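**Student:** all I have is the shape, not the residue letters:
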Ligand SMILES: [Zn+2]
């Protein structure tokens with residue numbers, strides 16, 4: 001397995017490079033009524049969610065981005081805890097499976113019990129080992145069902161109303177779990193988790209950059225095999241320092257033709273030139289990390305002018321060794337440049353972070369005032385692919 005992983009997961013691995021609205025919920029509260037007002041004019045005529053729009057696009061029925069709608073009402077009380085409704089966009093499902101869940105899955109497969117120290121990373125070199133533990137325990141559709149339901153529990157615990165999680169189907173297939181066996185567990189957990197918690201989870205299928213364009217097209221095949229409204233986009237991850245961007249241009253073009261949104265990891269370990277190349281070659285809708293862009297003021301202006309959302313994960317950058325301190329993550333500079341910055345955890349089970357904890361950094365570490373910090377929180381809704389572009 002190690003050799004397979006090394007092929008599939010280059011250093012700073014692929015995941016992290018590695019990789020419901022239901023209408024039957026509680027009756028609307030005053031807060032919900034207010035949210036409806038905020039959503040007025042954005043909801044589709046039929047009330048269907050934005051990701052269904054993506055599927056319509058996949059079937060050739062075009063839908064303008066401005067018609068995308070928040071995918072349903074929130075349960076009463078959600079987001080009433082003194083903060084805006086939270087959304088998280090840069091979250092690898094494989095890096096979000098907590099220790100207790102991993103040990104439950106591991107026992108199923110006769111694997112040794114893990115300790116916290118097996119999972120947490122304190123430097124870049126730790127990530128390969130940690131992800132090996134995770135991948136060894138995500139071996140069946142049932143494992144994916146359990147891991148996905150556990151993610152819904154995390155969303156509820158952190159009061160996250162909407163999340164987009166990346167998964168990397170081609171890597172799991174290479175490790176012996178074909179997408180056709182993985183997907184039913186994930187799909188069923190999406191329905192059950194949304195019904196149980198009211199949280200919305202949408203999916204990006206991630207492409208391991210080091211695996212080449214063929215893996216990109218194989219990933220698009222998985223999107224089409226799933227044919228599910230929760231799958232809203234693709235995400236290019238993996239080793240960005242190698243010159244591996246150009247081959248993915250046709251993959252991104254095909255994704256757009258299918259009506260999918262596109263994200264790309266760039267500017268985490270690579271320099272500003274990698275960010276510039278990614279923008280030029282792939283024209284992604286959203287960048288993940290992107291922090292290296294701060295070294296080039298012209299590039300910052302370009303990203304801001306293009307209206308490209310950049311989702312930043314400071315504690316992940318520190319844990320993986322992309323920066324030497326939290327203060328070195330250029331959140332304030334990116335915000336000052338007018339970039340639509342949002343925050344996420346990236347791989348919370350490995351980094352040991354939470355979304356509320358990342359949000360606290362805005363004032364404590366990056367010196368943003370309350371208005372600017374709140375704008376960053378709300379940017380998560382603007383940068384989201386399946387949430388309609390505005391907080392509910
Ligand atoms: Zn990531």
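**Tutor:** That came through, no problem. These numbers were taken from a predicted model, which means no experiment stands behind them. Numbering: from 1, shown residues only.
**Student:** phi first, then psi, for the residue in the stretch 251-392 of the chain that the ion sits nearest to.
**Tutor:** Closest residue of the stretch 251-392 of the chain to the ion, C-beta to the ion: residue 346 (4.6 Å). Just so you know, the C-beta spots here come from the backbone N, C-alpha and C atoms, and that holds for glycine as well. According to degrees, to the nearest 10, the main-chain angles of residue 346 amount to phi 80, psi -80.
**Student:** residues contacting it?
**Tutor:** 16, 90, 91, 92, 95, 288, 313, 316, 353 (C-beta atoms under 8 Å, 6 or more residues apart in numbering).
**Student:** same check on residue 300?
**Tutor:** Residues near residue 300 by C-beta under 8 Å, 6+ apart: 293, 294, 333, 334, 337, 339.
**Student:** can you give me the pLDDT of residue 121?
**Tutor:** For residue 121, the model assigns a pLDDT of 88.
**Student:** what about it, how many residues nearby?
**Tutor:** 23 (other C-beta atoms under 10 Å).
**Student:** ok but it is inside a strand, no?
**Tutor:** No: according to DSSP: H, G, I helix; E, B strand; the rest coil, residue 121 belongs to no strand; its state is coil.
**Student:** where do the helices sit along the stretch 151-300 of the chain?
**Tutor:** For the stretch 151-300 of the chain, the helices defined by DSSP state H, counting those that start in this stretch cover 169-174, 179-197, 213-226, 249-257, 272-282, 297-306.
**Student:** what sits up against the third one?
**Tutor:** Surrounding helix 213-226, the residues in contact under the criterion C-beta under 8 Å, 6+ apart are 58, 168-170, 173, 179-180, 183, 187, 205-208, 231, 234, 236, 247-248, 250-251, 254-255, 258, 260.
**Student:** next one: the second one
**Tutor:** Outside helix 179-197, the residues that touch it by C-beta under 8 Å, 6+ apart are 20, 22, 140-149, 151-153, 155-156, 167, 169, 172-173, 199-201, 203, 222, 225-226, 228, 230.
**Student:** okay, buried residues for stretch 304-312 please.
**Tutor:** Of all the residues in stretch 304-312, those buried under the rule 16 or more other C-beta atoms under 10 Å are 304, 308, 309, 310, 311, 312.
**Student:** over to it now: how far is its first residue from its last?
**Tutor:** This stretch, stretch 304-312, spans 15 Å end to end (C-alpha to C-alpha, to the nearest Å).
**Student:** I'd like the average pLDDT over that stretch.
**Tutor:** 97.
**Student:** near the ion at all, that stretch?
**Tutor:** No: Stretch 304-312 stays clear of the ion (C-beta under 5 Å from the ion), getting no nearer than 8.8 Å.
**Student:** if we can go back for a sec, just the buried ones from the contacts of residue 300?
**Tutor:** By 16+ other C-beta under 10 Å, those give 293, 294, 333, 334, 337, 339 as buried.
**Student:** and residue 341, which of the three is it?
**Tutor:** strand.
**Student:** just residue 124 next, same as before
**Tutor:** In three-state terms, and counting by three-state DSSP, residue 124 is coil.
**Student:** I'd say it and residue 320 touch.
**Tutor:** Yes: in this structure, residue 124 is within contact of residue 320 by C-beta atoms under 8 Å, at 5.1 Å.
**Student:** more neighbours: which of these two?
**Tutor:** Higher neighbour count among residue 124 and residue 320: residue 320, with 27 against 16, using other C-beta under 10 Å.
**Student:** now do the more buried one against residue 336, distance only.
**Tutor:** Relative to residue 336, residue 320 is positioned 25 Å away (C-beta to C-beta, to the nearest Å).
**Student:** for residue 348, see how far away the residue lying closest to residue 143 once chain neighbours are set aside is.
**Tutor:** Distances taken as C-beta to C-beta, 6 or more residues apart in numbering put residue 105 closest to residue 143, at 4.9 Å, once the chain neighbours are dropped. Noted for residue 105: a distance of 17 Å to residue 348, by C-beta to C-beta.
**Student:** before we move on, the earlier item: which among the contacts of helix 179-197 end up buried?
**Tutor:** So, by 16+ other C-beta under 10 Å, the buried ones in the contacts of helix 179-197 are 20, 140-141, 143-149, 151-152, 155-156, 167, 169, 172-173, 199-201, 203, 222, 226, 228, 230.
**Student:** keep only those of the residues you listed that are in strands.
**Tutor:** Among the buried ones among the contacts of helix 179-197, the ones falling in strands (DSSP state E) are 167, 200, 201, 203.
**Student:** and the two most separated of these?
**Tutor:** Farthest pair in these (C-beta to C-beta) is 167 and 200. Separation: 16.2 Å.
**Student:** return the residues of the stretch 151-300 of the chain in contact with the ion.
**Tutor:** Contact residues, the stretch 151-300 of the chain versus the ion (C-beta under 5 Å from the ion): none.
**Student:** let's see that with 6 Å instead.
**Tutor:** Neighbours of the ion within the stretch 151-300 of the chain, by C-beta under 6 Å from the ion: 237, 265, 288.
**Student:** which members of those are positioned in strands?
**Tutor:** Among those, DSSP E puts 237, 265, 288 in strands.
**Student:** export these to CSV and tack on neighbour count and pLDDT?
**Tutor:** Shown next, in CSV, are those (neighbours: other C-beta atoms under 10 Å; pLDDT from 0 to 100):
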residue, neighbour count, pLDDT
237, 31, 94
265, 31, 97
288, 31, 98
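**Student:** just these now: which is nearest residue 277?
**Tutor:** The closest of those, once distances to residue 277 are taken by C-beta to C-beta, is residue 265, at 12.7 Å.
**Student:** who's the closest one bridged to?
**Tutor:** Residue 265 has these beta-bridge partners by DSSP bridges: residue 288.
**Student:** got a pLDDT number for the nearest residue to residue 101 once chain neighbours are set aside?
**Tutor:** Leaving aside its chain neighbours, residue 101 sits nearest to residue 150 (4.3 Å; criterion: C-beta to C-beta, 6+ apart). Listed pLDDT for residue 150 reads 97.
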